[in-house]
Every structure is written in structure tokens, then in C-alpha cells.
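Novice: missing the sequence, but the structure's below:
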């Protein structure tokens, strides 16, 4: 934080305050600790997304490579079909945001064949 005084005439005085806020992005799992079945879909629980990046962010899912092929992950109106690569972008935001969403998985032909899946919020590159 920078404080700079500015000379003023008479008894009036003013100053300028400048603060630099670091970019912070976080996703937290807020599930009940159990997997709920909804027809053929599996609820992965509720997620809290927070990112103050001026350029927005991406919600990235990471899972064991070679698994979850054909699985559809959905969060609100966003969805992605996993290709088995081990990483996919579920959604992108173009501005800072705070929200809660439920993530649902609809397994592909091989079912839910992993015990490893995680989510990260990655700030957008300010240049693009």
C-alpha cells in the first residue's frame, strides 16, 4: 500500500491511497461426504468457487489419465465430456466471480473407473 500526501492550500489537506490486491483463486468441496445417485448420474457434491482475477478464470478438472472416458461432468449450464487425457476445462469465466455449484458426473461406458478426481481454479492470463 502506498500513501502519498498532497500539499493543499489553507487548512485543506488530501492524500492518495493505492492498494495492490494479489490475485487469489480457490475452489472448495462442500459435499456431505457421500455420493448421491440421481438416476445414472452421480453427484460429486457442492463446490464453492472464488476468484478475484480481473480477467476471469477456468475451472479445471484433473483425474487419473486413461479413466473416465466418455464421462460427462456438469456444473450448472456448463458441461464437458472427458476424453481420458487426465485434464479438462469444465467452465470459463471472463470476470471475477464467487458462486456455489453442484457438480454432477454421468459415467461413460466404463463407469466411474477412478478414485482420483480434483478441481482447480486457474486465473486467466491477463494478456489474453
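Specialist: Everything's here; your move. The shown structure was predicted, so the numbers you read here are calculated from the model rather than taken from an experiment. Residues are numbered from 1 along each chain as shown.

Novice: Enumerate every residue touching the closest residue to residue 91 other than its chain neighbours.
Specialist: Distances taken as CB to CB, 6 or more residues apart in numbering put residue 78 closest to residue 91, at 3.8 Å, once the chain neighbours are dropped. In this view, the C-beta of every residue, glycine as well, is placed from N, C-alpha and C. With contact taken as CB atoms under 8 Å, 6 or more residues apart in numbering, residue 78 is in contact with 59, 90, 91.

Novice: Which among the residues you listed count as buried?
Specialist: 59, 90, 91 (16 or more other CB atoms under 10 Å).

Novice: List just the nearest of these to residue 104.
Specialist: Checking the buried ones among the contacts of residue 78 against residue 104 with CB to CB, the nearest one is residue 90 at 11.1 Å.

Novice: now that closest one, nearest residue through space, not along the chain?
Specialist: In space, residue 90 is closest to residue 59, 4.7 Å off (CB to CB, 6+ apart).

Novice: Thank you, goodbye.
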